[in-house]
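1. I need the structure of the sequence given here:
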Amino acid sequence: MLVGIASTQDAGTQRVDPGNPNASYLIQKLEGPGAAGGQMPPTGPLPQADIDVIRQWIMDGAIDDRVQASNPIRVISLSPMPGANLNAAPVQIVAGFDRDLDASTVNATTFILENSSGVPVAAAVPPAIGGTLRSAIFDLTGVALADDTYTVRLLGTGASVIMDLDANALDGELIANLPSGDGTAGGDLVAQFTITTPVVIGPTLDQIQAVVFSPTCATAGCHSAGTMAGGLNLSDADTSLAQLVGVPSSNPAQAGEIRVIAFDPDNSYLIKKLENAAGISGQQMPFGGTPLSATDVGHIRQWITDGALR
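-> Numbers count the residues shown, from 1 in each chain. Coordinates of the predicted model:
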C-alpha cells in the first residue's frame, strides 16, 4: 500500500518513492503538512528520530527486509485447556500461537469443534483471529452445548491449514503438553474437553430423583431395586413415580396413608416421613442419615403441589 503507489491526495507523488525520501508523500505528511490536510499522525507528530528511521528505510530502497521465519507456527495456549472438565459450557474457544497468523487461513474448515458423535458444532460467527494476529477464536455466543465430550481440531495437514504470514503450516501435534508440535510443519492439534453441568434440585421429579432419591434413598439395604425396604423402590424416576403417587403405604401401623397425594403435600406420607410428623411411626427418613434440608423438602413439597407429575 506504500511503495510505488500514487498518493490519493497528490496524484503526482508516490506514497513511498524508493531511494527518495524527500519526494515520498509519507515523509511529507509525517513532517507536515503535505499537499492536503494536516500533519500525520493526527494525534501528534512523531519524534524526528523515528521519522529519520523511516527516511533511512526509504533511502535504502524501501525493500521488504523482514526476516521470514522458517520454523513452523505452534499453538502455545488453548482455552479450555486440553482435558479440561467444565461445569458450564464455555462462551468461546481461544487458541494462542507463537507467531502472527495469516487471518485468511483461520476459518470453519481449519478450526473445528465437534461433539462426541463427530458432528461439527456450528456457530453464527465463523472462527476468526481475535484481538491480535496471534490468537484465533471460535465464538460460541448463542450456541447451546449439551453435557458431552467435545473435540477441538486445529488443522495443519490437508487442503486447508492454519498458516503464519510466511506461509508456514501449523505444527499441531499435541504430544504431551503445549506448545504443540514435533518440530516439523504439518500435523493437526486435537484436544478434548468435557462439560458436566452439576445437577441441582428443583421441583421436578427428575431433579429430585438425581439429587435425593438415587444417592440418598435408593442405596443398598434401603429403597433399592434389590432391597425395597418397606416395599418401596426409588431406584429411578419412572419407578419412583409408579411406587409413590396414589400408592398406599405398606406400613401396617399407618393404614390409610398414601405415599404421595397429588396436589396435597401435607397429607402425603412421604412428606410426613421426611419431616418426622407427629403420629407417624418409625424413624424419620432418610433412615439412619441426616434429615433432608428444609430447601430439599420444600422442592419435594412443590413437586407434589404441582401435581406430582413426571
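2. List the contacts of the residue most central in space within the chain.
-> Residue closest to the average C-alpha location in the chain (CA atoms, centre = their mean): Pro90, at 1.9 Å. By CB atoms under 8 Å, 6 or more residues apart in numbering, Pro90 lies in contact with 79-80, 140, 145, 193. C-betas here are computed from N, CA, C, even on glycine.
3. Let's see which of these end up in helices.
-> Among those, no residue falls in helices (DSSP state H).
4. Farthest pair within these?
-> Ser79 and Leu145 (14.7 Å; CB to CB).
5. From what I see, Thr194 and Asn85 are in contact.
-> Yes: using CB atoms under 8 Å, Thr194 makes contact with Asn85 at a distance of 5.1 Å.
6. Give me the more crowded residue out of those two.
-> When neighbours are counted by other CB atoms under 10 Å, Thr194 and Asn85 differ, and Thr194 comes out ahead with 15 against 11.
7. Quick check: the gap between Ala218 and Asn168.
-> From Ala218 across to Asn168, the span is 58 Å (CB to CB, to the nearest Å).
8. again with Asn85
-> Relative to Asn168, Asn85 is positioned 34 Å away (CB to CB).
9. residues contacting Thr151?
-> Thr151 sits next to 113-116, 118, 190-192 when contact means CB under 8 Å, 6+ apart.
10. hmm, 10 Å instead?
-> Residues near Thr151 by CB atoms under 10 Å, 6 or more residues apart in numbering: 112-116, 118, 120-121, 190-193.
11. out of these, who's nearest Gly19?
-> Comparing these against Gly19 with CB to CB places Ile112 closest, at 48.1 Å.
12. Excluding residues flanking it in the chain, which one is nearest that closest one?
-> With CB to CB, 6 or more residues apart in numbering as the criterion, Ile112 has its nearest non-adjacent residue at 4.2 Å, and that residue is Arg153.
13. Identify the neighbouring strands of the strand or helix carrying that neighbour in the sheet and state each direction.
-> Per DSSP states H and E, Arg153 falls inside strand 148-154. Under the criterion DSSP bridges, strand 148-154 sits next to strand 111-114 (antiparallel), strand 189-195 (antiparallel) in its sheet.
14. now the strands: where do they sit in the protein?
-> Counting by DSSP state E, the segments of the chain that form strands are 75-79, 85-86, 92-97, 111-114, 128-129, 135-139, 148-154, 189-195.
15. and the third one, average pLDDT?
-> Mean pLDDT, strand 92-97: 95.
16. Show me what it pairs with in its sheet, parallel or antiparallel.
-> Strand 92-97 has these strand partners (DSSP bridges): strand 75-79 (antiparallel), strand 135-139 (antiparallel).
17. Just put these in CSV and tack on mean pLDDT.
-> As requested, these are exported to CSV (pLDDT from 0 to 100):
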stretch, mean pLDDT
strand 75-79, 94
strand 135-139, 95
